[in-house]
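**Student:** predicted model, plus sequence, below.
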Protein chains: 2
Amino acid sequence: MSGYTAPLADMRFALAELGGLPQLNLLPGLRDATPDVVDAVLEEAARLAGEVLAPLNRPGDTAGSAVRDGQVASPPGFADAYRSFWQAGWPALPFPPERGGQGLPELVATAVNEIWQAANMSFALCPMLTEGAVVTLEQHAAKELQERYLPMLISGEWTATMNLTEPQAGSDLGAVKMRAEPRSDHFLLSGQKIFITWGDQDFTDNIVHLVLARLPDAPPGSRGLSLFLVPKFLVREDGSLGERNDVHPVSIEHKMGIHASPTCVMSYGDHGGAIGYLIGKPHDGLSCMFTMMNHARLAVGVQGLSISERAYQQARGYARERVQGQAAGFKGSVTIVHHPDIRRMLMIMKAGVEAMRGLCYTTAASLDYLRHAADDGLRRRHEQRFALLTPIVKGWCTELSQEITSLGLQVHGGMGYVEETGAAQHFRDARITTIYEGTTGIQAGDLVGRKLIRDGGRVMGILIAEMKQAADALLETRDAALAAVAKRLAAGVVALERATRWLLDHHAADASIPGAASVDYLMLAGTVCGAWQMARASLAVMQDGYDARLRQAKLVTARFYMEHLLPRSQAYFESIQAGHESIMALGEDQF
Amino acid sequence: MSGYTAPLADMRFALAELGGLPQLNLLPGLRDATPDVVDAVLEEAARLAGEVLAPLNRPGDTAGSAVRDGQVASPPGFADAYRSFWQAGWPALPFPPERGGQGLPELVATAVNEIWQAANMSFALCPMLTEGAVVTLEQHAAKELQERYLPMLISGEWTATMNLTEPQAGSDLGAVKMRAEPRSDHFLLSGQKIFITWGDQDFTDNIVHLVLARLPDAPPGSRGLSLFLVPKFLVREDGSLGERNDVHPVSIEHKMGIHASPTCVMSYGDHGGAIGYLIGKPHDGLSCMFTMMNHARLAVGVQGLSISERAYQQARGYARERVQGQAAGFKGSVTIVHHPDIRRMLMIMKAGVEAMRGLCYTTAASLDYLRHAADDGLRRRHEQRFALLTPIVKGWCTELSQEITSLGLQVHGGMGYVEETGAAQHFRDARITTIYEGTTGIQAGDLVGRKLIRDGGRVMGILIAEMKQAADALLETRDAALAAVAKRLAAGVVALERATRWLLDHHAADASIPGAASVDYLMLAGTVCGAWQMARASLAVMQDGYDARLRQAKLVTARFYMEHLLPRSQAYFESIQAGHESIMALGEDQF
């Protein structure tokens, strides 16, 4: 009951109809991503996830990681699983063939990532960060650094980490203090970083740390940060490993969840300085790190989807087996899946998962267009679309995963609170997702400040227009069920449009307004984008080739979303429109 | 930062203005509850909670309870704390003086319970259950049983448990299998009970178990259950302890939270049968147990309030100390309490706590009226009011506590996910409250089925009329701020009224309709009742005697509630009105 089976049918549907895989497959560089290849990839990933990674999820939670003799000891089975993982070529999936990658679209990599994160979120964090580091090095590192480090990271023989946070510098990276002193051909780093996911492990020969630090001549604040590559073991010119570098895990945090993933305090330079190499230009570290963070933000949004799917599968399994109480139309006791309130919870989970999947895949597809589209304008449009959707995916999917994993626990009743059942672990694991890679508040600030107000709502306006077109397309079918979906979607879009207008009109009136409204705006945008995906799915499933039973399921699920999740958009809108006054009026001592 | 200080000022305000303590104090039997006495009681409780119980909260979570040599070993310090607790007379607080109690109102006992639950929820569960057992024995047990057991339970020298659940009988108590065989002057019980809170402990000489079991001639289902008193040690006629009875803790659950509270599997009759005594009439056990459950349901609703207050205090403390980022109008870095989104979270916590407190106290006051009012009609009205509000208090306060404890964690950022901080414990502890003593779904079914549809909405109609009067009273003041509060309250009440009408009109059309709508209806009712309390507080604080600063705080908090929590009522209403179809349409295999 606590296993995981990748929902391949729904994933294929979402890849084709919402992510638009057939269209991506026409782009230069993505011609190999044929339906057959993608199917084979998904099936193989599903197998590894179901047979190897998912069974380690609960034991990994129980055993946890630990620091022993200055090294992280990972939970039993993880090192072997990681070896199977990289040797099968999974880390190389989305990278260009000329670098040793498999050249598959980010859309497909996102679907595969969904599988890893659902099977074992603690485990999957490790390759997720490595992938982000590869993208960062590809874009910003000098050729020599790329040649020395990229092949081993792309193959997954080594892993990578991102080192941002310090005790005084969390959301505010401008407060980073770590020092980097220039030497002949390298830098010497010293200081402490905290919250470093998979900062150390015992299953690869080397680890590559990407580290934000400050050069001696750096200006204060976030414009004085530079990015460095700091290997655990130095790498000689011939690629062989040299001395142990002066970077060490000091301890790991006792967290509420993702116990198997070691969250390390890392110490740099206790013995003279950790040797590091500059990535990109001096003082330009934050923009380099944003490459990694944006990549990770999409991936963490996918974690929200994945952990929700996992919780849904577990709750559904329990609801089908647990006998309790009576139901109208049945003799004797029934399985609880027959009780309306249990169904209501399962439907929120199912509808939420499908909406998130659609939005994650749609966003990932923009990443492919912005890289591979031949047309400049198309590339640019998708670059802007990706920038707009990333904080929504990260913020909304992870917030929704709190509710869905909580419902998964609730469906189990008292058994849900008992750890052996496994539902509690998903709930505990999910709880980190609204915090790391930028809290929901940080995502919302990015959305409202950088993505909405800065361009006067232009890119959001394009998205809103597209959502209206989707509603119109449903109405044009003259199908009553689709029309009902369309009508509700249109009402949600109007709420988003009015909220957008309100923010653009009022943000300058008081410095607190954007921050006061931002999380409600993000949740509104996510909720409406989810409805848009459900509407797109409803329209797509009407095509020939989809059977009546799937059609009914998609229509019912879309209708449920419109009736039970979308109505929240009005509440978000009302809160936005209420402004900042009641939020800001109390003195600090009145709390 | 992780301590707890009872919010005495706000508690006194809520006791006087929302619970109506001065009016209760006029009732026969409650004349001793003068303001001075109540103040002294609250201050003494606050002291014990702050100095003894709260400091054991985190160590208790870390150490947990365990079963050793067939006995539960409680966490270090708990036995001593319990001794201080009962020796100070706390368990006797709400019971009549003629039984050795202190004769204070349930309203005051509820406020004191708020303090215990906030200080240490795991600990406070033990006396909470004992209190419920006392009420049950008072109402249903024969005089001889009362005389032998009540004094020791009222004083707290012994504790009590409630034994309902069996592996196959959770929400559906009709499936209980435990057997009770009649002997000369007692019964022999055999079978297994699970999820027995404080089923055993090492700090009192005896424990009294109230146990649901089935007599040999019992009809099937819930009408064949009888209630028995089963002591851990038999009690001789002179009150001295006799032999160890045949009831034993087998193991305790590994739970996600409330680690210090041992949740036991209890085995009855492994060695021939546990000696038990019938409480009430044969086959009438469920109605006896409902006395205990209703008592416990109010108390668990209060847990939702308490754990939210605790989480709020912790988040507020962190927000005032943690320096991060910049804010408009301030030079350099600021404490995060200045950031609008942090304030928004703190305001949800603060407003939610105050609304819950008002509702819990109002409900507790009905318990006093139904016991002590001289007028039959008044007693009857409060009996019905209490029956209506109990599932709302239990369901809504505990659901809201999920959100509030989660926000408390979120305010801490990454530190919130680290167990040492303490925010995670509140979140984990809170998670049980929507499950035990009847899940939210069970509460909602009770509300819609027994409390609403059964009387055609009569009692709910009275409540709605009272809420409308509260809105009118605000409007009559001709104060602009109060009028704004009133207008929003009135809109919320209309939503509740329309939802009520819809349910009454449609419930008979399909057997699934009440169950499909029930949780949304409960949340709607709770949200609007919370607004009602905020409105009542706004009006009350306008009286002479309250200073301007408190007045401003109450008005801002009420306004915030209306702008940020109450808008959800429209979303609940829309979901209710959407009916059952999209919830029930999928086949079991389509999930």
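**Tutor:** Sure thing, it's come through. Numbers count the residues shown, from 1 in each chain, chains lettered A, B, ... in the order given.
**Student:** tell me the average confidence for stretch A:172-180?
**Tutor:** Per-region confidence: stretch A:172-180 scores 96 on mean pLDDT.
**Student:** then stretch A:462-481?
**Tutor:** Averaging pLDDT residue by residue across stretch A:462-481 gives 97.
**Student:** mind exporting that stretch as CSV, just the C-alpha atoms?
**Tutor:** C-alpha atoms of stretch A:462-481 as CSV (Å, rounded to 0.1, in the frame of the first residue of the first chain):
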residue,chain,number,x,y,z
ILE,A,462,-0.6,37.5,-22.6
LEU,A,463,-1.2,34.5,-20.2
ILE,A,464,-4.6,35.8,-19.2
ALA,A,465,-5.6,36.2,-22.9
GLU,A,466,-4.5,32.6,-23.6
MET,A,467,-6.6,31.4,-20.7
LYS,A,468,-9.6,33.3,-22.1
GLN,A,469,-9.1,31.7,-25.4
ALA,A,470,-9.1,28.3,-23.7
ALA,A,471,-12.4,29.1,-22.2
ASP,A,472,-13.8,30.3,-25.5
ALA,A,473,-12.6,27.1,-27.2
LEU,A,474,-14.6,25.0,-24.7
LEU,A,475,-17.7,27.1,-25.3
GLU,A,476,-17.4,26.7,-29.1
THR,A,477,-17.8,22.9,-28.8
ARG,A,478,-21.4,23.5,-27.7
ASP,A,479,-21.0,20.6,-25.3
ALA,A,480,-22.9,21.3,-22.0
ALA,A,481,-20.3,19.8,-19.7
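**Student:** mind listing residues that contact it?
**Tutor:** Residues from elsewhere that reach stretch A:462-481, judged by C-beta atoms under 8 Å, 6 or more residues apart in numbering or on different chains: A:381, A:385, A:388-389, A:482-483, A:485-487, A:489-490, A:493, A:496-497, A:500, A:528-529, A:532, A:535-536, A:538-539, A:542, A:555, A:559. (Glycine included, C-beta is placed from N, CA and C.)
**Student:** which of these are close to chain B?
**Tutor:** The residues of these that also fall near chain B, by C-beta under 8 Å from any C-beta of the partner chain, are residue A:559.
**Student:** restricted to helices, list the contacts of stretch A:462-481.
**Tutor:** Secondary structure assignment by DSSP state H places A:381, A:385, A:388-389, A:482-483, A:485-487, A:489-490, A:493, A:496-497, A:500, A:528-529, A:532, A:535-536, A:538-539, A:555, A:559 of those in helices.
**Student:** what parts of the stretch 451-591 of chain A come near chain B?
**Tutor:** Within the stretch 451-591 of chain A, the positions adjacent to chain B are A:511-516, A:518-519, A:549, A:552-553, A:556-557, A:559-560, A:563-564, A:567-568, A:570-571, A:574-575, A:578, A:580-586, A:588, A:590-591 by C-beta under 8 Å from any C-beta.
**Student:** show me which of the contacts of stretch A:462-481 are buried.
**Tutor:** Among the contacts of stretch A:462-481, those buried by neighbour count (16 or more other C-beta atoms under 10 Å in any protein chain shown) are A:381, A:385, A:388-389, A:482, A:485-486, A:489-490, A:493, A:496-497, A:500, A:528-529, A:532, A:535-536, A:538-539, A:555, A:559.
**Student:** three-state assignment of residue A:452?
**Tutor:** The three-state assignment at residue A:452 reads helix, by DSSP: H, G, I helix; E, B strand; the rest coil.
**Student:** my read: it touches residue A:502, true?
**Tutor:** No. Contact criterion C-beta atoms under 8 Å: residue A:452 and residue A:502 do not qualify, at 11.4 Å.
**Student:** who has more neighbours, those two?
**Tutor:** A count of neighbours by other C-beta atoms under 10 Å in any protein chain shown puts residue A:452 above the other of residue A:452 and residue A:502, at 25 against 17.
**Student:** and the gap between the residue nearest to the more buried one when sequence neighbours are not counted and chain B?
**Tutor:** Here the nearest residue to residue A:452 in space, its sequence neighbours aside, is residue A:460; by C-beta to C-beta, 6 or more residues apart in numbering or on different chains that works out to 5.6 Å. Relative to chain B, residue A:460 is positioned 20 Å away (criterion: C-beta to the nearest C-beta, to the nearest Å).
**Student:** how about residue A:460, what does it touch?
**Tutor:** Residue A:460 is in contact with A:388, A:451-452, A:500, A:525, counting by C-beta under 8 Å, 6+ apart.
**Student:** mind redoing it with 7 Å?
**Tutor:** Going by C-beta atoms under 7 Å, 6 or more residues apart in numbering or on different chains, residue A:460 touches A:388, A:452, A:500.
**Student:** residue A:355 contacts residue A:532, doesn't it?
**Tutor:** No. No contact is recorded between residue A:355 and residue A:532 when judged using C-beta atoms under 7 Å, the distance being 8.7 Å.
**Student:** on that earlier part again, surely the residue nearest to residue A:452 is in a helix?
**Tutor:** Yes. Under the criterion used here (three-state DSSP), residue A:460 sits inside a helix.
**Student:** how many other residues sit next to residue A:552?
**Tutor:** Counted with other C-beta under 10 Å, the neighbours of residue A:552 add up to 16.
**Student:** how much space between the residue of the stretch 51-200 of chain A found nearest chain B and residue B:339?
**Tutor:** Nearest to chain B in the stretch 51-200 of chain A, going by C-beta to the nearest C-beta, is residue A:172, at a distance of 4.3 Å. Computed with C-beta to C-beta, to the nearest Å, the distance linking residue A:172 and residue B:339 is 10 Å.
**Student:** and the stretch 201-350 of chain A, which residues reach chain B?
**Tutor:** Applying C-beta under 7 Å from any C-beta of the partner chain, one finds that the stretch 201-350 of chain A approaches chain B through A:253-256, A:316, A:320, A:324-325, A:328, A:337, A:339-341, A:343-344, A:346-347, A:350.
**Student:** how does it look with 6 Å?
**Tutor:** By C-beta under 6 Å from any C-beta of the partner chain, the residues of the stretch 201-350 of chain A that approach chain B are A:253-256, A:316, A:324-325, A:328, A:337, A:340-341, A:343-344, A:346-347.
**Student:** let's verify residue A:210: helix, strand, or coil?
**Tutor:** For residue A:210, the secondary structure call by three-state DSSP comes out as strand.
**Student:** next: residue A:9.
**Tutor:** For residue A:9, the secondary structure call by three-state DSSP comes out as helix.
**Student:** residues near it, how many?
**Tutor:** Every residue meeting other C-beta under 10 Å relative to residue A:9 is counted, giving 9.
**Student:** nice, that's everything, thank you.
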